[in-house]
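Visitor: sequence plus the predicted model coming up.
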2 protein chains.
Amino acid sequence: LLRLVLGLLIQGRTTLMENIVRQSIEDEQLIPACTRVLVALSGGADSTALLHLLSRLGPQLGFSIAAAHLNHRIRPSAAADAAAVARLCYSLGIPVVFCAENVPEYARTHKMGLEEAGRELRYRFLRMAAQNTGSVRIATAHHLNDQAETLVMRLARGTSVSGLMGIPMKKLPFVRPLLKVERSQVEAYLHRYGLTYVDDESNSDCSFTRNRVRHKVLPLIEGVHPQAQRQLAQLAQQVCVEEHYWALEVDKHLREVQMWSDELDVELRIDYRATAALHPALRARVLRGLLEKTRGNLRGLEAVHMQLLESMFTHTRPQMQFDLPGAWVARRYAQIVCRRTAPEVERTSFNLRIDGPGSYVMPQGASAEVTLTHASTECALRVEFDAAAVQWPLHIRENRPGDRLRCVGMDGRKKLKHIFSEHRLELEQRCGVPVLCDANGEILWVMGVRRSCLAPYTVHTQAVVRVLFSPGERKI
Amino acid sequence: LLRLVLGLLIQGRTTLMENIVRQSIEDEQLIPACTRVLVALSGGADSTALLHLLSRLGPQLGFSIAAAHLNHRIRPSAAADAAAVARLCYSLGIPVVFCAENVPEYARTHKMGLEEAGRELRYRFLRMAAQNTGSVRIATAHHLNDQAETLVMRLARGTSVSGLMGIPMKKLPFVRPLLKVERSQVEAYLHRYGLTYVDDESNSDCSFTRNRVRHKVLPLIEGVHPQAQRQLAQLAQQVCVEEHYWALEVDKHLREVQMWSDELDVELRIDYRATAALHPALRARVLRGLLEKTRGNLRGLEAVHMQLLESMFTHTRPQMQFDLPGAWVARRYAQIVCRRTAPEVERTSFNLRIDGPGSYVMPQGASAEVTLTHASTECALRVEFDAAAVQWPLHIRENRPGDRLRCVGMDGRKKLKHIFSEHRLELEQRCGVPVLCDANGEILWVMGVRRSCLAPYTVHTQAVVRVLFSPGERKI
């Protein structure tokens, strides 16, 4: 009788598991009809149950199945595992792709941990096997308890709300049909169908930390509340839905992003005022989005870094910059700039003597055209001095700290620093600005920015020295 | 030398703690200048440090301090604790309010746990003491480790993202200036100033669960990552900012809410289509907001209940209802209705015989006016039958399952259920609709809804029986 009751209970659980998985596949459109799904098959409990269940659901839902098994060459039983996997697939009539990789060697060569190397090789192999078998989806056997583990690990290590999404059920081509199923349900399923499995690889190739979370932390948390793992998984579900919302809101704002890139770096710019007008919660996410676009991911960025960036909006300084892990973020007047590395500012010392009309090329590609001519009009890139009042020879050199300019309508001389600031010149642009000096070293022109009040055109002017400035191309 | 180094370390930590607390008070405007703050003083380590630190910051930041101590009458050392608190306050020159409550008795009388009773009495006492001392803020000594504990407990028991806000630093009149300070910093502070304290009440009056989290779960999580508690507190900070954003977004939508209330219940209604158009993440929060407005809180509501409500937007049925803990939610055609309890629908059986003109009152306050007169026009509440074609006596009765009506332009008879549905009559309104029948029991009029095709006005009609329907007042 006891065996009967137990049997019924197990049957109940497995039917439940089947329903949950079918529901997941249908609701989330994990596996489209008339396609093939590749099951990542270690031969352990979870992936064996997944393969068996999918092979039963396949005919009903209209998809076909292949399997892929990687021999990690870490454990001595690897060959036996492969044989067990082969038998299982043969009995279910499922084609299976085998491959062996020397994970320990790969880890040594690429200087990474065994776990990381294993994951990298495994995912590479799975993508390749999917291509070879014509599979559009790759199913892995992560379940609800793996999800809870992931959440606890992230909570301990530190995570933003986004990290609480945990393992995604669908991140194409990868799908996780068992993500709402508990380990105990998987075990009941295996028992019901009398399926045998090898010692799960994931127990050995997982880091020590994950094992500690699984065997020590989670049981204690379940002591606080028996449904704790399910509750954690449910939290992950809510977070997933909300993260989708946030992504849309962030995209709305980042639609206006300006972007330059060369082989070395990428530079993204967004409007400062529009960003400052956002709610701080959305703003933090927009900045994270900007960082993600720039770096490709958010690894190594912590809450403290985001708090640092938030100071751009609490301070009034028009130029601030922050060196973060893998990124450089700055406010530059009306824009926020984000790059992988701080812009390199080349400060080249030079001194170009100008004895008369001609074309003069500066070290970084800028040039000046000097002519003696009749007066016309001045503009930002073209100034004219009374030829009779100019002290030859002239010089063009880089601007230097402490440089000052005699400005129109002002006694004394003004620091170039303040002139740059009035013109809202970004810090990186400032060093690229050359100055034109006369024989006495007096600055006649902060080239392209502002003219001094010296040697102006007057009614008595007969001829002018015209200087035409062609700035070099701006590099990012 | 060791003592010197240790001393310097402790000094460093305490200066740090002082800075953190000062920063918190200033950034979050916890305690306005020129006001008084009441410190909840158990006499334990945390509250002793808080009192001492605030007494030092007060003169700098311009606030004054009072203290309040509640004797819980749970522990035998209660009197000694009170004496220690009195000495401490005397030495700092801070006025202190004492009170004793019989927590165990209160718990017995009100059938609640010791912990809950203690909290309720404590907070009641603190509010009273704040009023008596003219304090606009009440400071409690919750610190970063309390925050981490709270998060772990909620994560285990199940929480929405909102629950990860943890303990708020500011929920007026309550403020928690130590929320960014770690327990070890508090201990260093006490050591530095040579402060003594009693065994903290919070260790004994806290539930077994919290103690287990503190002494078992958190140390293990710290084994995963030494900064785990700080990381959890940081997550709470991000969630706080994002919850503020969500609250604003939800309020935007709930601004349009319609509300009725009487002494028994409250009914809130929002537009179905506007809600259906929201992103699922925002929609779930709007529904939670609606539930919170209705119930006063969200206690006892779980993820599964919210998933249930979401089915209103995946199904096309125009009327659905859900009994949730402490609330009843329904779709009623174009609106979503939320109440504390399901609306009570009174079905009263009655049969009112009508032998001729007169005024007839139905059991629930509705009435009908019957006259013999010349034909005019019909409307929803007034119909006219050819007096020569009507079979007397007439009857008015409640509508019954299976009732059918001969409709204009249609063979046979239509179920009232379908007529109600065509008229988008809410389920609760349907039973309130009486029907007018003739001597044969044939329904002449579904009162206020639709007329039958019987006894119509024709060119030969000389007089009509006019029936005027006055529905009773709608109750919520």
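Guide: Looks like it came in fine. Numbers count the residues shown, from 1 in each chain, chains lettered A, B, ... in the order given.

Visitor: all strands for the stretch 301-450 of chain A, in order.
Guide: For the stretch 301-450 of chain A, the strands defined by DSSP state E, counting those that start in this stretch occupy A:319-324, A:327-332, A:335-339, A:351-354, A:358-361, A:367-373, A:382-386, A:394-398, A:404-406, A:413-415, A:434-437, A:443-446, A:450-451.

Visitor: who wins for proximity to A:A117 among the ones you listed?
Guide: Closest to A:A117 of the strands of the stretch 301-450 of chain A is strand A:327-332 (Cβ to Cβ; 26.6 Å). From N, CA and C alone the C-beta is placed, and that goes for glycine too.

Visitor: that closest one pairs with which strands, and in what direction?
Guide: strand A:319-324 (antiparallel), strand A:335-339 (antiparallel) (DSSP bridges).

Visitor: now the stretch 301-450 of chain A against chain B: closest residue?
Guide: A:A303 (4.3 Å; Cβ to the nearest Cβ).

Visitor: ignoring the adjacent residues along the chain, who's closest to that residue?
Guide: In space, and not counting its chain neighbours, A:A303 is closest to B:Q234: 4.3 Å by Cβ to Cβ, 6 or more residues apart in numbering or on different chains.

Visitor: how many residues are close by that neighbour?
Guide: The criterion is other Cβ atoms under 10 Å in any protein chain shown. On that basis, B:Q234 has 22 neighbouring residues.

Visitor: and it, how far from A:E292?
Guide: B:Q234 is 19 Å from A:E292, where distance means Cβ to Cβ, to the nearest Å.

Visitor: then A:P280?
Guide: Distance, A:P280 to A:E292, using Cβ to Cβ: 18 Å.

Visitor: that older thread, the residue nearest to A:A303 contacts A:M306, doesn't it?
Guide: No - between B:Q234 and A:M306 there is no contact under Cβ atoms under 8 Å: 9.8 Å.

Visitor: so what's A:G358 up against?
Guide: Neighbouring residues of A:G358 by Cβ atoms under 8 Å, 6 or more residues apart in numbering or on different chains: A:369-370.

Visitor: quickly list what it is bridged to.
Guide: Note on A:G358: beta-bridge partners by DSSP bridges are A:V370.

Visitor: what's the pLDDT at it?
Guide: With respect to pLDDT, A:G358 has a value of 93.

Visitor: same thing with A:I476?
Guide: Looking at A:I476, its pLDDT reads 54.

Visitor: same check on A:L8?
Guide: At A:L8, pLDDT is 69.

Visitor: one more: A:K414?
Guide: If you check A:K414, the pLDDT there is 93.

Visitor: then A:R3?
Guide: Here the pLDDT value assigned to A:R3 is 74.

Visitor: near chain B, which residues of the stretch 101-250 of chain A show up?
Guide: Contact residues (Cβ under 8 Å from any Cβ of the partner chain) of the stretch 101-250 of chain A with chain B: A:151-153, A:155-161, A:164, A:209, A:212-213, A:216-217, A:220-225, A:227-228, A:230-232, A:234-235, A:237-239, A:241-242, A:244-245, A:248.

Visitor: which of the residues you listed count as buried?
Guide: For these, a burial check counting by 16 or more other Cβ atoms under 10 Å in any protein chain shown picks out A:151-153, A:155-161, A:164, A:209, A:212-213, A:216-217, A:220-221, A:224-225, A:228, A:230-232, A:234-235, A:237-239, A:241-242, A:245.

Visitor: low-confidence ranges in the stretch 1-150 of chain A?
Guide: Low-confidence segments of the stretch 1-150 of chain A, defined by pLDDT under 70: A:6, A:8-14.

Visitor: residues contacting the nearest residue to A:W328 once chain neighbours are set aside?
Guide: Computed as Cβ to Cβ, 6+ apart, the closest residue to A:W328 that is not its neighbour in sequence is A:A342, at 4.4 Å. Contacts for A:A342 (Cβ under 8 Å, 6+ apart) come out as A:321, A:323, A:328.

Visitor: any chance of those in JSON lines, with neighbour count and pLDDT too?
Guide: Formatted as JSON lines, those follow (neighbours: other Cβ atoms under 10 Å in any protein chain shown; pLDDT from 0 to 100):
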{"residue": "A:Q321", "neighbour count": "15", "pLDDT": "95"}
{"residue": "A:D323", "neighbour count": "13", "pLDDT": "95"}
{"residue": "A:W328", "neighbour count": "18", "pLDDT": "96"}
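
Visitor: which of the helices or strands spans A:Y189?
Guide: Element membership for A:Y189 (DSSP states H and E) is helix A:183-192.

Visitor: could you pull out the buried residues of that helix?
Guide: So for helix A:183-192, counting by 16+ other Cβ under 10 Å, buried means A:183, A:185-190, A:192.

Visitor: re earlier: keep only those of the residues of the stretch 101-250 of chain A next to chain B that are in helices.
Guide: Among those, DSSP state H puts A:151-153, A:155-157, A:209, A:212, A:220-224, A:228, A:230-232, A:234-235, A:237-239, A:241-242, A:244-245, A:248 in helices.

Visitor: how many residues are close by A:E115?
Guide: Neighbour count of A:E115, defined by other Cβ under 10 Å: 16.

Visitor: name the helices or strands packed onto whichever strand or helix holds it?
Guide: Using DSSP H and E, A:E115 maps to helix A:114-133. In terms of contacts (3 or more Cβ pairs under 8 Å, 6 or more residues apart in numbering or on different chains; DSSP states H and E), helix A:114-133 is packed against strand A:36-40, strand A:64-71, strand A:96-100, helix A:103-109, strand A:137-139, helix A:201-205.

Visitor: in the stretch 251-400 of chain A, which residue sits nearest chain B?
Guide: A:A281 (3.8 Å).
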